[in-house]
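Asker: Turn this into a structure:
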Amino acid sequence: MLAAGNDKGEVRVFDTEKNKCLRVYNNHQYRVGALSWNGNLVTSGSRDSVIYLSDIRQSSKYVTKFIGHRQVEYNIIFFIKFIVQIIFQKQLGSMWVQVEL
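Answerer: Numbers count the residues shown, from 1 in each chain. So this is what the prediction gives:
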């Protein structure tokens, strides 16, 4: 599997063995600046102040969204055992959001 974000705010998920696009998420208003995987979960972040968590097994656009960050995100990091920690690095520190799925 491969996920790629673009400057239109789309995230596309590809099956690289079958050379096929499986999902297209059109959630963001601006370019996708951060993308991360954990099994079937993919998170995407953008300067539109929203991070989307999507499950590629589900047909819905996203499972949940995190709203309100004010800086462009730099990285989104998944940790094992279904604990998701999303890190936004700001000029004067970091904001951590932790969600148990």
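Asker: Dump the C-alpha coordinates for the helix or strand hosting residue 54 into CSV.
Answerer: For residue 54, the element it lies in under DSSP states H and E is strand 50-55. C-alpha atoms of strand 50-55 as CSV (Å, rounded to 0.1, in the frame of the first residue of the first chain):
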residue,chain,number,x,y,z
VAL,A,50,-7.8,20.0,10.4
ILE,A,51,-6.2,16.5,10.7
TYR,A,52,-8.2,13.6,9.4
LEU,A,53,-7.9,10.0,10.6
SER,A,54,-9.3,7.6,8.0
ASP,A,55,-9.6,3.8,7.9
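Asker: partners of it, with directions?
Answerer: Using DSSP bridges, strand 50-55 pairs in its sheet with strand 41-46 (antiparallel), strand 64-67 (antiparallel).
Asker: quick check: mean pLDDT across the shortest one?
Answerer: So the one you mean is strand 64-67. Taken as a whole, strand 64-67 has an average pLDDT of 82.
Asker: what's the answer for stretch 35-44, then?
Answerer: pLDDT averaged over stretch 35-44 gives 86.
Asker: The chain should start at 730 in everything you say after this.
Answerer: Got it, first residue is 730 now, which makes that one stretch 764-773.
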